[in-house]
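>>> A predicted structure for the sequence below; I have some questions about it.
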Amino acid sequence: MSTEPEPLSLAEAVHHAALACDPTGKSASAADAMVRFEDRDEPIAGIADLDHHLAEEFGALDPQAEDPVIQMIRATTLYLGFKQVGTTTGHEDLLRLAARAEYAGEPPELVRAWLAERGVSL
């Protein structure tokens, strides 16, 4: 019996990121992201060039990069893939850490406003 945690799959990372961005489950964007990745059971840590892969996949959902929910789900998924913080980090903390990592603390205005609406300060 292994005491190591199971590796986080891409589907699990996207699901956790979507829940952090939309805890009420009302966002169509979050639902679209979860559906797009629902069958992606490969460990996120094993995906070559994860940043590029996620940019392509999420770019199909938000080609103009105008949806802050999609942008933050992508950033949070990427953060989970590199940091392996697990899924116990609180939503606000996870969003703050992901935004700091993705945007060096200076997200685009639409993302900054979206984070502020949720009480997330950088």
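Yes, it's here.
>>> can you tell me the SS state at A55?
helix (DSSP: H, G, I helix; E, B strand; the rest coil).
>>> tell me, how many residues neighbour it?
A55: 13 surrounding residues under other CB atoms under 10 Å. Using the backbone N, CA and C atoms, a C-beta is placed for each residue, glycine as well.
>>> likewise I73?
Quick note: I73 (other CB under 10 Å) scores 33 neighbours.
>>> how about it, secondary structure?
helix.
>>> quick check: it touching V14?
Yes. Using CB atoms under 8 Å, I73 makes contact with V14 at a distance of 6.7 Å.
>>> any residues in contact with both of the two?
The contact sets of I73 and V14 overlap at A33 (CB atoms under 8 Å, 6 or more residues apart in numbering).
>>> if you count neighbours, what's buried in stretch 75-91?
Under the neighbour-count criterion of 16 or more other CB atoms under 10 Å, stretch 75-91 has A75, T76, T77, L78, Y79, L80, G81, T89, H91 buried.
>>> could you find the closest non-adjacent residue to the second one?
Nearest non-adjacent residue to T76, counting by CB to CB, 6 or more residues apart in numbering: A17, 3.6 Å away.
>>> circling back: the buried residues of stretch 75-91: which two are farthest apart?
Greatest spacing in those, by CB to CB: G81 and H91 (17.5 Å).
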